[in-house]
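I would like the atomic coordinates for the input below:
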Amino acid sequence: MNDLTLDCSDIDRYLGKPMQPARIKDPLAANDIRRWAQAMHYPNRLHYDEEYAMESRFGRLVAPQSFAVATDDGHGAGPACVGAIPDSHLIFGGDEWWFHGPQIYPGDLVHNERVPFDYVVKETKFAGPTCFQRGDNNYYNAQGEKIATQRSTSIRYLAAAAREMSSLTATEDPEWTDAQIRELEDKKFEYVRTLHDLGHGRRWWDEVSIGAQLPTRIFGPHSVASFTTEWRAYIFTTWGGVHRRTDLDLAALGFTEDMAGHENDPVMERQNPELTDGAYYGPSRGHLFPRWARYIGMPRAYGYGASMGAWILDYFAGWAGEWGRVIHSNSAYRGPAFSGDITVMNASVIDKRIDEHGRPIVQVDCKMTNQAGVVLATARAEIELPRK
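Prediction:
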C-alpha cells in the first residue's frame, strides 16, 4: 500500500466551540412526520393515523422519538465533521441519544445547537488510519425545552486507502425469488401485528422479565428506491427547507474533489439548486450511485447511518409503546445496509431496575444483521416503562 497519511491536526481548533445552529424554516407539518415514519419503515399508527393518535395519551399526532434528527441539516453529523482532513471521505459510525421528555408535534419549530466534542485515530482493516470524530447535537423546541441530545460519531478516512484495501467483490445485488419475497412480507407483518396488539395499552415494567425477547423486525430488500425515499424524508434535502450554514465548505473539509460538490450551499441553492441536493452531486451520492459507492470503497449502493440509527430507536420505542419511552440509547454502526440486502433486528432485555430518579427502567441489547448474519449495528438502550 502507498504511504497515505491521515492528517487530523486541523480538527483541534474547533473542539468545544459552538457552531452555527441548524434551523428549519417552517413549523413542522403533519406530513413531515408521516413522511418520516413511512421512509423509516415504521408503521406505528401514532405517527401517521390522526384518528388513532387522537385516542392515544397524546391526543394528537406525535412524531417518533427518532424524528429529531430529521430537523437537522445533515443527519446530526455537522459537529462530527469539522476540520480539514485532506483527500478524505466520511461515513457514519454511531449515535448516542439522551431524551429529555418533550415530544415533537405538528406545528413545532425545532432547532439544533451543535458543539464538536472529540476525536481519535485508529487503524482499521477498511481504510488503514481512520479518524473517529464525535460531536454533540442539542435539539430544542421553540419554547426552549431540550428535546434530545445526540452525540454523533463520524468515520473519516482516505478514500484512496479504502479503495486500495477493499476487495469490492459483492458488487451485484443478491437475487430474491417471489416465494422468498412473500415469506419476507409475512415475517414483516408479524412485527407490525405486535404494534397493533399492544395498541394504546401499557407494557408494564413489572411484567417484563430479564431475558425476554423483543419481536424480530425485518425490512427490505433495500434498494436505490428505498434509500432515496429515506433521503427525501430529511427536511434539509428540500430546496429552501432550512436556513443554510454560511460556514460550510466541503472542499475545505478535505473531501475529494469529485465528492465535495455544493451540498447545503446557500449561494448555489439560489443559482442552480440541482447541484446542492447531495443525492445527485456531492458527498451523499455514493449512497445512490454504485459507481460513486465504489469510488469511496463501497461495493454498491448503501443506506444512511442516520437512518440505521432511526431504525434502532423506532424498534425500541415501538416495543415500549405509547406509555413508555427511550431515555438513552447508544448505537455503533459496523457496516451499512447494502442494496438487495434485508435488515433483521433482534433484541433482549438484559437488566431491569429503578434508577436514581425513581424511574422503572429496563435495559435492552440489540443486534442488527443482514440475511447472511453479518452484523450491521449493535445498540444498548435504557427504556422507561410504566409501573403498576
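
Output the longest helix belonging to the chain.
Looking only at the chain and at elements set by DSSP state H, the helix with the highest residue count is helix 178-198.

shaky segments in the stretch 1-150 of the chain?
Flagging of the stretch 1-150 of the chain using pLDDT under 70 yields the residue ranges 1-4.

pLDDT of the longest helix of the chain, averaged?
For helix 178-198, the mean per-residue pLDDT is 97.

Which residues belonging to it are considered buried?
Within helix 178-198, the residues that count as buried by 16 or more other Cβ atoms under 10 Å are 184, 188, 191, 195, 198. The way it works is simple: take the backbone N, C-alpha and C, and place the C-beta from them, glycine included.

now do stretch 381-388
381-385.

so how far is residue 210 from the one residue sitting closest to the centre of the chain?
With distances taken as Cα atoms, centre = their mean, residue 306 lies nearest the centre of the chain, 1.7 Å away. As for residue 306, its distance to residue 210 is 31 Å (criterion: Cβ to Cβ, to the nearest Å).

cool, and residue 85?
Counting by Cβ to Cβ, the gap from residue 85 to residue 210 is 44 Å.

Who does whatever helix or strand residue 149 lives in pair with, and is each partner parallel or antiparallel?
Using DSSP states H and E, residue 149 sits in strand 146-158. Looking at strand 146-158 with DSSP bridges, its partner strands are strand 88-99 (antiparallel), strand 128-140 (antiparallel).

Where do the helices of this protein begin and end?
Here the chain has its helices, by DSSP H, at 30-39, 50-54, 159-165, 178-198, 224-233, 257-260, 266-271, 290-295, 305-320.

and among the ones you listed, the most buried is which?
Highest mean neighbour count among the helices of the chain (mean count of other Cβ atoms under 10 Å): helix 305-320, with a mean of 25.

Just want the angle from that one to strand 88-99.
Relative orientation of helix 305-320 versus strand 88-99 (axes from the mean of the first three to the mean of the last three Cα atoms, to 10 degrees): 20 degrees.

Give the rounded mean pLDDT of helix 305-320.
pLDDT averaged over helix 305-320 gives 96.

what does stretch 251-258 give?
In this model, stretch 251-258 has an average pLDDT of 73.

Which positions in it come out as buried?
Residues 253-256 are the ones in stretch 251-258 that count as buried (16+ other Cβ under 10 Å).

From those, pick the one nearest residue 230.
residue 255 (21.6 Å; Cβ to Cβ).

Grab the nearest non-local neighbour of that closest one.
residue 283 (5.8 Å; Cβ to Cβ, 6 or more residues apart in numbering).

I'd like to know how many residues surround that neighbour.
23 (other Cβ atoms under 10 Å).

residues in contact with the residue nearest to the centre of the chain?
Neighbouring residues of residue 306 by Cβ atoms under 8 Å, 6 or more residues apart in numbering: 69, 75-77, 92, 95, 234.

can you tell me which two in those residues are farthest apart?
Between all members of the contacts of residue 306, the farthest pair (by Cβ to Cβ) comes out as 95 and 234, at 14.5 Å.

Please say which of the two ends up with more neighbours.
residue 95 (30 against 25).

could you check the distance from the more buried one over to residue 313?
In terms of Cβ to Cβ, residue 95 sits 9 Å off from residue 313.

hang on, the earlier thing: between residue 85 and residue 210, tell me which one has more neighbours.
residue 85 (24 against 11).

That one contacts residue 256, correct?
No. Residue 85 lies out of contact with residue 256 (Cβ atoms under 8 Å); the separation is 10.8 Å.

Test my guess that residue 319 contacts residue 216.
No. The criterion here is Cβ under 8 Å, and residue 319 misses it with residue 216 at 11.4 Å.

Hmm, residue 138 and residue 113 touching each other?
Yes. Using Cβ under 8 Å, residue 113 is in contact with residue 138, at 4.5 Å.

and the closest residue to residue 187 other than its chain neighbours, how many residues sit next to it?
Here the nearest residue to residue 187 in space, its sequence neighbours aside, is residue 218; by Cβ to Cβ, 6+ apart that works out to 5.1 Å. By other Cβ under 10 Å, the residues close to residue 218 number 20.

what does the one 4 residues further on give?
Close neighbours of residue 222, defined as other Cβ under 10 Å, add up to 24.

and if you look at residue 118?
Neighbour number of residue 118 under other Cβ under 10 Å is 14.

Leaving out chain neighbours, which residue sits closest to it?
In space, residue 118 comes closest to residue 134 once its chain neighbours are excluded; the distance is 5.4 Å by Cβ to Cβ, 6+ apart.

The one you found and residue 116: what is the separation?
Distance from residue 134 to residue 116, by Cβ to Cβ: 8 Å.

Hmm, residue 55 is touching residue 201, no?
No. Using Cβ under 8 Å, residue 55 is not in contact with residue 201; the gap is 11.9 Å.

out of those two, which sits in the more crowded spot?
Neighbours were counted for residue 55 and for residue 201 using other Cβ under 10 Å; residue 55 has more, 13 against 10.

got the phi/psi numbers for the more buried one?
phi -90, psi 0 (degrees, to the nearest 10).

Residue 302 versus that one, what's the distance?
39 Å.

Check residue 63 too.
Distance from residue 63 to residue 302, by Cβ to Cβ: 26 Å.

Neighbour count: these two, which is higher?
Here residue 63 and residue 302 are compared on neighbour count by other Cβ under 10 Å; more neighbours surround residue 63, at 25 against 22.

Next one: that one from residue 107, what distance?
The gap separating residue 63 from residue 107 is 11 Å, by Cβ to Cβ.
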